[in-house]
Structure formats: C-alpha cells, structure tokens
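K.L.:
what's the 3D shape of this:
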Amino acid sequence: MRSIAKFIYKSIGWKLIGEIPPDLKKVVIVAAPHTSWHDFYMALLVRRVMGIQINFVGKKELFRWPFGWYFRMVGGAPLDRTPGQNKVQAIAKLFKEREVFRLTLAPEGTRNRLLLYSCRGRCSYYLYRYGF
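P.N.:
Numbering: from 1, shown residues only. As a prediction, the model looks like this:
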C-alpha cells in the first residue's frame, strides 16, 4: 500500500520534504497551507507515504454512527467544541492518555510555508512543511 500511495502522491505532482522521526511519539504537526476539505484525504495519503501514525481531532459529532468507527480507525479523536469547554486542556489530556499521539492541525487561513521547529522543555513541536 505504501508504494501505491507514493506513486499517487508523486503522480499528482506533490513532493514530501523532510521527515518526522518514527521514535517521536508525541508531537504537534502544523500542516499548511490549509486549503479546503481536500486536506483530509491528502493527509491520509501523506501519512501512508511517511509510514507513521498521524492523528487529528474533530468535532465530537463526527465520531457518532455511522462514520465514527472510520474516523477513530484513521487516527481521529473526538473534541467537544461547545462554548465554555477548554479545548487546550482537552487536547493535553489526549496527549497524556495515549502513548503515541502525533496531532496534525491545519489552521484556518494559513498561506505561508512553515519550517521545521523544535522547542525545549516538556514538549516537542514541529511546524511541518508538506506537499507544496
């Protein structure tokens, strides 16, 4: 499957620059530029090309029947987005509860290419540049 994913990825003209070390178990990946709903299936393709598990959060309603099983299977985690909920704390809890959690975010309105960045301390963050 990985070779098929690589073939598709290259045939549509995208190129993956850099890599995320597989031993990096907890990380936030910022995928930019966020363009449209196409980002979801392109991210699934990228993770197959990279050969590592990549996670995402989505509104909790997506994780109900009939598609909830699928979103969980591909690495999704439900997030309660109702007003008054502390989303940062909810995401931090996901990191604590899971042994491996590589959260990918595609921020609205991103237009610039982002570079690899690592911070010291209790966390590792990567601003990851992919496919453009």
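
K.L.:
going by C-alpha atoms from here, please, whenever you check contacts or count neighbours.
P.N.:
OK.

K.L.:
packing partners of the helix or strand where residue 9 lies?
P.N.:
When secondary structure is defined using DSSP states H and E, the element that contains residue 9 is helix 2-11. If you count contacts as 3 or more C-alpha pairs under 8 Å, 6 or more residues apart in numbering; DSSP states H and E, helix 2-11 packs onto helix 38-50.

K.L.:
just checking, what packs against the helix it packs on?
P.N.:
helix 2-11.

K.L.:
chain center to the helix holding residue 9, what's the gap?
P.N.:
The gap between where helix 2-11 is centred and where its chain is centred comes out at 19 Å by C-alpha atoms, centre = their mean, to the nearest Å.

K.L.:
can you name the element that comes right after it?
P.N.:
Past helix 2-11, heading to the C-terminal end, the next element that is a helix or strand (DSSP H and E) is strand 26-32.

K.L.:
tabulate the CA atom coordinates of that next one in PDB.
P.N.:
The C-alpha atoms that make up strand 26-32 are tabulated as PDB, following Å, rounded to 0.1, in the frame of the first residue of the first chain:
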ATOM      1  CA  LYS A  26       4.200  12.900  20.900                       C
ATOM      2  CA  VAL A  27       4.300  15.800  18.600                       C
ATOM      3  CA  VAL A  28       2.100  18.600  17.100                       C
ATOM      4  CA  ILE A  29       2.400  18.900  13.300                       C
ATOM      5  CA  VAL A  30       1.100  22.000  11.700                       C
ATOM      6  CA  ALA A  31       0.100  21.300   8.100                       C
ATOM      7  CA  ALA A  32      -0.100  24.300   5.900                       C
END
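
K.L.:
that older thread, next, the buried residues of the helix holding residue 9.
P.N.:
For helix 2-11, burial by neighbour count (16 or more other C-alpha atoms under 10 Å) applies to 5, 6, 9.

K.L.:
please apply the same query to stretch 58-74.
P.N.:
Within stretch 58-74, the residues that count as buried by 16+ other C-alpha under 10 Å are 62, 63, 68, 71, 72.

K.L.:
pLDDT weak spots in the chain?
P.N.:
For the chain, residues meeting the criterion pLDDT under 70 lie at 32-35, 108-132.

K.L.:
centroid-wise, who is the farthest residue in it?
P.N.:
Within the chain, residue 84 marks the point farthest from the mean C-alpha position, 24.6 Å out by C-alpha atoms, centre = their mean.

K.L.:
cool, thanks, signing off.
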